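Student: Provide a 3D model corresponding to the input given below.
(chains A and B)
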Amino acid sequence: MPIDPTLLDDLEWRGLIAHSTDRDALREALDAGSVRFYVGFDPTAASLHMGHLVQVLTAKRLQQAGHTPFALVGGATGMIGDPRDSGERTLNSLDTVKEWTDRVRRQIEPFLSFEGPNAATMVNNYDWTASLSTIDFLRDVGKHFPVNRMLARDVVSRRLESGISYTEFSYVLLQSMDFLHLYRDFGVTLQFGGSDQWGNLTAGAELIRRAAGGKAHAFATPLLTKADGTKYGKTEGGALWLDADMLSPYAFYQFWLNVEDEKVGELLRVFTFLSRPEIEELEAQHTEKPFLRIGQRTLAEQVTTLVHGAEETERIKEASAALFGGGDLRGLSVQTLGAALREAGSVKVAAGTPLPSVVDLLVDTGLAKSKGEARRTIGEGGAYLNNDRIEDVDRVVAADDLIGGSWLVLRRGKKNFAGVEVG
RNA sequence: GGCAGGUUGCCCGAGCGGCCAAUGGGAGCGGACUGUAAAUCCGUCGGCUUUGCCUUCGAAGGUUCGAAUCCUUCACCUGCCA
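Tutor: Residues are numbered from 1 along each chain as shown, chains lettered A, B, ... in the order given. The predicted structure is shown next:
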């Protein structure tokens, strides 16, 4: 597989390199041939989210440019926990970590190619860490880590006030050991990760230098933030999960569709494989006519296709068009409407009398968290049945509210839809 | 080890015996305006069988007709002195 010499320029143009070790050395290495690189994912939840997606896609970019991926799942590091500002983590059980590790592995696999001369390899750091003896660990790895420098690391120094366990304090040693292990056994010489990983990345490169006298490279992707500087990747429900069971593909699509104007270009560069001319053209159109939201539409379509596939994305686009079309819902076919509502999220309710109240349905569909909230929403004029605002808090569904004899369209606010299938 | 102070709803932070589900700000949610954007303005913001009831103010006890507010013990945190 030929090496693409424009890779590093492309990554830089996309804004994917927030920090890096010696840039000239990195370029030289990338130009010289297929570089074996690794990126790690700790199983901190049952699914990866938006932040991880940056890394997964970056790995894919590197592979497409001819380099050789080693995707690491942190079966061992997930048992320990990377220190974070919000405080000490709760340890997860071995069973939980194992299950999450498997799920994370399965989420990563579709993005990489496991065939050809630069086929990807999946590794699990549990394999070389679990059986390591404490004595060996302290002698072979620990000896290379001056505590005074560990204490000076940003995350650690911030945590000294609030407290940090020896367990989390030691995390960097494990991750560094991973890099060293992959360097020794597979000739891996490049690691990248999120910018919050920068300290861990450089620690690994340094361990390779100290323990093996080798030369390794690292770079970090930037932390993505919203236009107001706050953290990204949050929806009403929580993180922007990639798992369809934890966040519906419809909600995933809607997230990207609703991205702020000033972020569209940045996100197109980071999260799509569109070429530079394509993205620049989109940005030009977006700047000229932002209200058409061409950037957001393209972004949502591209990213949802990458994560959930083209077929699902088509269905979501049709559903979104139906629900946001502004036309009369009764003008849609029952099939179209039903399909749209199933994408948006729907519940089934047994037919019969009496039909449920709107308050109950708002709770059942998850549009409201409690009956109090449901009542409040109606009182605020934010609840709609079949696109008609509900005025009466005690409103109960009537038989002729049913569209096509079986569907109700419930809406909270401007864009939270849910379907109710009666039957 | 000694002295002083703190722990309040998602977050920050008032309250210091009844009028407290608890001031104010932020986040969130809804409305208006829009482009399913941003900004702005307005409203809302524990739960329920909702003119009332239930559960909340670090934990457990106690005083009192009545406690977030007083007392005791415990846990954790912060300053000052060793």
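Student: where does chain A come near RNA strand B, residue by residue?
Tutor: A:161-163, A:227-228, A:236, A:254, A:257-261, A:290-291, A:293, A:296, A:320-321, A:324, A:363, A:369-373, A:375-377, A:380-382, A:412-416 (CB under 7 Å from any atom of the strand). For the C-beta atoms, the positions are set from N, CA and C on the backbone; glycine is no exception.
Student: what do you get if the cut-off is 6 Å, keeping everything else the same?
Tutor: Residues of chain A found near RNA strand B (CB under 6 Å from any atom of the strand) are A:161, A:163, A:228, A:236, A:254, A:257-258, A:260-261, A:290-291, A:293, A:320, A:324, A:369-373, A:375-377, A:380-382, A:412-416.
Student: Quick one, which of those residues are buried?
Tutor: Buried members of the residues of chain A next to RNA strand B, scored by 16 or more other CB atoms under 10 Å, are A:254, A:257, A:293, A:320, A:375, A:377, A:382, A:412, A:416.
Student: which residue packs closest to A:Gln175, ignoring adjacent ones?
Tutor: A:Asn200 (4.6 Å; CB to CB, 6 or more residues apart in numbering).
Student: what's the answer for A:Ala18, then?
Tutor: The shortest distance from A:Ala18 to any non-neighbouring residue, by CB to CB, 6+ apart, is to A:Pro222 (3.8 Å).
Student: now A:Pro277, what's its secondary structure?
Tutor: helix (DSSP: H, G, I helix; E, B strand; the rest coil).
Student: circling back: which members of the residues of chain A next to RNA strand B are positioned in helices?
Tutor: A:161, A:254, A:257, A:320, A:324, A:371-373, A:375-377 (DSSP state H).
Student: distance of the residue nearest to A:Tyr126 when sequence neighbours are not counted from A:Leu91?
Tutor: Spatially, and ignoring its direct neighbours in sequence, A:Tyr126 is nearest to A:Gly75 (3.1 Å; CB to CB, 6+ apart). A:Gly75 is 14 Å from A:Leu91, where distance means CB to CB, to the nearest Å.
Student: Show me which of those two is the more surrounded one.
Tutor: A:Gly75 (24 against 14; other CB atoms under 10 Å).
Student: which element is the more buried one on?
Tutor: Counting by DSSP states H and E, there is no helix or strand that carries A:Gly75.
Student: quick one: it and A:Glu99 touch, right?
Tutor: No - checked against CB atoms under 8 Å, the pair A:Gly75 and A:Glu99 is beyond contact range at 10.7 Å.
Student: residues in contact with A:Tyr384?
Tutor: With contact taken as CB atoms under 8 Å, 6 or more residues apart in numbering, A:Tyr384 is in contact with A:390, A:409-412.
Student: Sheet partners, orientation included, of the helix or strand hosting it?
Tutor: In this assignment (DSSP H and E), A:Tyr384 forms part of strand A:383-385. Partners of strand A:383-385 in the sheet, by DSSP bridges, are strand A:388-389 (antiparallel), strand A:407-412 (antiparallel).
Student: Save those strands as TSV, and put in mean pLDDT too.
Tutor: Shown next, in TSV, are the strands paired with strand A:383-385 (pLDDT from 0 to 100):
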stretch	mean pLDDT
strand A:388-389	91
strand A:407-412	93
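Student: any weak-confidence spans in the stretch 251-400 of chain A?
Tutor: Judged by pLDDT under 70, the stretch 251-400 of chain A has its weakly predicted residues at A:327.
Student: same thing but at 90, please
Tutor: A:258-263, A:321-322, A:324-338, A:343, A:349-355, A:398-400 (pLDDT under 90).
Student: ok and the residue in it nearest RNA strand B?
Tutor: Closest approach between the stretch 251-400 of chain A and RNA strand B, counting by CB to the nearest atom of the strand: A:Gly382, at 2.6 Å.
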